[in-house]
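Colleague: need coordinates for the following:
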Amino acid sequence: MSDSSDPVAVAMSGGVDSSTAAALLVRAGRRVFGLTMATGFNEAAVREAAEVARLLGIEHHVVDLSSVFRERVIEPFCRDYAAGRTPNPCVRCNRFVKFGRLLEAALDLGAGRLATGHYARVVRGEDGRFRLLRGADRRKDQSYFLYALDQEQLARTEFPLGALRKTEVREIAARLGLPAFRGRESTDVCFVSRTRCGEGRSGYPDLVERMTGRAALPGPIVDTAGRPVGTHRGLVFYTVGQRRGLGSVGPGPLYVVAIDQTTNSLVVGSASETFSGWLVASEAVFVSGEPPPAGTRVEAKVRYRSRAAPADFRPLSRQAPDGDTGFRLHFYEPQRAVAPGQAAVLYDGDEVLGGGVITTTEARERALRTLAPGSALPGPGDENDS
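Modeller: Next up, the predicted model:
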């Protein structure tokens, strides 16, 4: 376990948040050096981070993580989209790259901890365990993306901006003359913005096709009664809850209810048909190392911008052959457009308990019965819970 006298490495992207985090640590008298991961998609960020480090008078190191970034982030992202899921690459990047290989590089260079510009907080409880908390600025809180960090990673992590609001960070940056406060904010989905995905979803199919070698294939659009209503351009163009881009497929507004890669089909329905009362998640990770007891009331976010919704937590008792564990959430009120591939993150007030990757939902299973009538798809009573 490191202490505040150890050198601290700051993960720098050249954006206002990481630059201000580094500046605050320097002003606090800490021994600081900058660390930037080269991903193959962030050449400008590497140059900007080096310039900020020069202005702050600190050393700056660049770590080539392009291979692990491709393997751990980009390739799974593309596989998920090709399979009809809506992935969140930021979670994987934080877990395996930023607080994985980059943290290892920081320790190898003599740092005791890695600091980042995330809006989140880490505290150590009386029991010695580290707790991950929301950032003080609820509008900028990024704890959702950090739920998969374990105790060892949190013990080596600092979030200098966790108690600040974004407006305060910009004011500090301006007062210190940091160039980042006038420019861009760093973005976690850097490889998307560098591949023409910044404007809508137009770049996603191109990226997926290049990475997987498979072109997007048109297929049927059916409504929730099983009636053909149109043809889609390829599943990668769509996500659950989407309305735009469907073309003229019905007399009233229709939304994507489910994406079925096995039949290359898109199921559409009314807004009310996109709501789910339950979900199942896999790849479960819990900050403390242990899941909450079955029946625990939690608050769950099913996407970064969604509100945390009350739900009952039930761990799945049967473990997959590969060691994967999962859980089921039953919401007190149905939630709209819960998308497989996204993270379901669990909270107890401000504290992050953990989370997992959404694999299926009530709306999805209801819709798939349309494509496979008479099939024994799991419903809310078909649980193998503890």
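Colleague: in the stretch 1-150 of the chain, where is pLDDT below threshold?
Modeller: 1-4 (pLDDT under 70).
Colleague: what segments of the stretch 251-386 of the chain are strands?
Modeller: With DSSP state E, counting those that start in this stretch applied, the stretch 251-386 of the chain shows strands at 255-260, 265-269, 275-286, 296-301, 309-315, 327-336, 343-348, 351-361, listed in chain order.
Colleague: counting by contacts, list what the longest one packs against.
Modeller: Identification of packing neighbours for strand 275-286 by 3 or more C-beta pairs under 8 Å, 6 or more residues apart in numbering; DSSP states H and E yields strand 327-336, strand 351-361, helix 362-371. In this view, the C-beta of every residue, glycine as well, is placed from N, C-alpha and C.
Colleague: tabulate the strands of the stretch 251-386 of the chain (CSV), appending mean pLDDT and mean neighbour count.
Modeller: Putting the strands of the stretch 251-386 of the chain into CSV (pLDDT from 0 to 100; neighbours: other C-beta atoms under 10 Å) gives the following:
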stretch, mean pLDDT, mean neighbour count
strand 255-260, 94, 24
strand 265-269, 93, 25
strand 275-286, 97, 21
strand 296-301, 98, 18
strand 309-315, 97, 19
strand 327-336, 98, 19
strand 343-348, 98, 24
strand 351-361, 97, 23
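Colleague: and those strands as a markdown table, adding distance to Pro160?
Modeller: A markdown table is the format used below for the strands of the stretch 251-386 of the chain (distance: least, C-beta to C-beta, whole Å):
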| stretch | distance to Pro160 |
| --- | --- |
| strand 255-260 | 40 |
| strand 265-269 | 45 |
| strand 275-286 | 25 |
| strand 296-301 | 24 |
| strand 309-315 | 30 |
| strand 327-336 | 33 |
| strand 343-348 | 22 |
| strand 351-361 | 18 |
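Colleague: now for those, which one comes closest to Gly117?
Modeller: strand 351-361 (17.9 Å; C-beta to C-beta).
Colleague: straight-line length of stretch 34-44, end to end?
Modeller: Taking C-alpha to C-alpha, to the nearest Å as the measure, stretch 34-44 stretches 16 Å from start to finish.
Colleague: contacts for it next, please.
Modeller: Contacts made with stretch 34-44 from outside it, assessed by C-beta atoms under 8 Å, 6 or more residues apart in numbering, are listed as 9-14, 22, 45-46, 49-50, 52-53, 56, 58-66, 69-70, 97-98, 101-102, 105-106, 109, 111, 114, 190-191, 194-195.
Colleague: picking that back up, quick one, which of the helices and strands packed on strand 275-286 gets closest to Ala216.
Modeller: Smallest distance to Ala216 across the helices and strands packed on strand 275-286 (C-beta to C-beta): 19.5 Å, for helix 362-371.
Colleague: quick check: Gln342 vs Arg165, distance?
Modeller: Counting by C-beta to C-beta, to the nearest Å, the gap from Gln342 to Arg165 is 27 Å.
Colleague: so which of these two has more stuff around it?
Modeller: Set side by side, Gln342 and Arg165 show more neighbours around Gln342, with 25 against 16, by other C-beta atoms under 10 Å.
Colleague: that one and Gly356, how far apart?
Modeller: 10 Å.
Colleague: can you tell me, leaving aside adjacent residues, what's nearest to Phe77?
Modeller: With sequence-adjacent residues excluded and distances taken as C-beta to C-beta, 6 or more residues apart in numbering, Phe77 is closest to Pro89, at 4.6 Å.
Colleague: state the distance from that neighbour to Ile74.
Modeller: 8 Å.
Colleague: then Ala148?
Modeller: Counting by C-beta to C-beta, the gap between Ala148 and Ile74 amounts to 18 Å.
Colleague: repeat for Ser265
Modeller: From Ser265 across to Ile74, the span is 27 Å (C-beta to C-beta).
Colleague: Leu346 too?
Modeller: According to C-beta to C-beta, Leu346 stands 27 Å off from Ile74.
Colleague: cool, and Ala284?
Modeller: As for Ala284, its distance to Ile74 is 24 Å (criterion: C-beta to C-beta).
Colleague: can you check Ala367 too?
Modeller: 29 Å.
Colleague: which one's more surrounded, these two?
Modeller: For the pair Ala367 and Ile74, the greater number of neighbours falls to Ala367 (28 against 22), based on other C-beta under 10 Å.
Colleague: mind listing the residues bridging to the residue lying closest to the more buried one once chain neighbours are set aside?
Modeller: Among residues not flanking Ala367 along the chain, Ala258 sits closest, at 3.7 Å (C-beta to C-beta, 6+ apart). Taking DSSP bridges, one finds Val267 as the beta-bridge partners of Ala258.
Colleague: residues contacting Ala258?
Modeller: For Ala258, the set of contacting residues under the criterion of C-beta under 8 Å, 6+ apart consists of Val240, Leu266, Val267, Ala363, Arg364, Ala367, Leu368.
Colleague: lowest pLDDT pick from the residues you listed?
Modeller: Within the contacts of Ala258, pLDDT reaches its minimum at Leu368, with 90.
Colleague: just the buried residues of the contacts of stretch 34-44.
Modeller: Of the members of these, the ones counted as buried by neighbours, 16 or more other C-beta atoms under 10 Å, are 9-14, 22, 45-46, 49-50, 52-53, 56, 58, 60-63, 65, 69-70, 97-98, 101-102, 105-106, 111, 114, 190-191, 194-195.
Colleague: Arg31 contacts Val8, correct?
Modeller: Yes: proximity of Arg31 to Val8 meets the contact threshold set by C-beta atoms under 8 Å, at 6.9 Å.
Colleague: who has more neighbours out of those two?
Modeller: A direct count of neighbours by other C-beta under 10 Å for Arg31 and Val8 places Val8 higher, at 26 against 15.
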